[in-house]
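Asker: below: sequence and its predicted model.
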Amino acid sequence: MDEQRNREPLPDEGNFLLIDKPLDWTSFDVVAKIRNTYKHAGMKRKVGHCGTLDPKATGLLILATGRKTKEISSLEVLDKVYDGAIKLGAMTDSHDIETAEYGHCATAHLTENDIRSAASAFIGKHQQQPPMHSAAWHNGKRLYEHARKGEVIRERKAKEIVIHRFEVTRIELPVVYFMLHVSKGAYIRVIAHEFGSALGVGGYLASLRRVSVGPYELSSARTVSESIEAILQEVSNTPSG
């Protein structure tokens, strides 16, 4: 332990860490885990993430460390690609699996053409309101804080998003599998909710995985444990003071 505390700090140029975020972890959980790994190894290192993933989503989360944290804003504006599943014939308040289903109805009457046509209609520019169960700010509080108190903020500020691609990859009613290529700031949960509404049966996001952020691919990402192991290996290879 004394050796770790006396260790010369690594040069703080920093880097980008590509991490495959686990289900039910918040993006900040991952940041805290990596930051604490550096701290326990006797190194002070800034860590931040470049675009939030919801707890019920998995996949590519990019972390910036050291001086690379100054470049976070340049990654946040990049397009994202996701694959996932929408369950039709029911809705949830959170628009994903975090809250209970309601409003059940039949979906057997929906044809493949109905579903693919509805998806195609989403391509282009949209004004999108953040969902109540989100980390967007309103009057100094996160929207999810209002939602947990049963409050609904009607005047949530909408932002323009672009849906470049909405491909239906498989249909197994009531579940529709998809791939989405979207601009910065798009809430996939909201798209899932609106997709169900467009089909007249309701819907919510049943699963979501981020597969790319700009040129960065999930295939190049490490698990949290693999990332921690790589950091500890980096520390062990640094000469002590």
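Answerer: Arrived safely, thanks for sending.
Asker: remind me which helix or strand the residue nearest the centre of the chain belongs to.
Answerer: For the chain, the residue nearest the mean C-alpha position is residue 53 (2.0 Å; C-alpha atoms, centre = their mean). Using DSSP states H and E, residue 53 falls within no helix or strand.
Asker: just checking, it touches residue 80?
Answerer: No. Contact criterion C-beta atoms under 8 Å: residue 53 and residue 80 do not qualify, at 9.7 Å. Backbone N, C-alpha and C define where each C-beta goes, glycine included.
Asker: mutual contacts of these two, please.
Answerer: By C-beta atoms under 8 Å, 6 or more residues apart in numbering, residue 53 and residue 80 have these common neighbours: residue 210.
Asker: dihedrals phi and psi, the nearest residue to residue 46 once chain neighbours are set aside?
Answerer: Using C-beta to C-beta, 6 or more residues apart in numbering and skipping the chain neighbours, the partner closest in space to residue 46 is residue 69 (4.8 Å). When read as degrees, to the nearest 10, the backbone of residue 69 gives phi -60, psi -20.
Asker: please renumber the chain so that the first residue is 324 from this point on.
Answerer: All right, first residue 324 from here; so that's residue 392.
Asker: contacting residues for residue 392?
Answerer: So residue 392 contacts 337, 369-371 (C-beta under 8 Å, 6+ apart).
Asker: care to break the protein down by domain?
Answerer: 325-399+539-559, 403-536 (automatic domain parsing).
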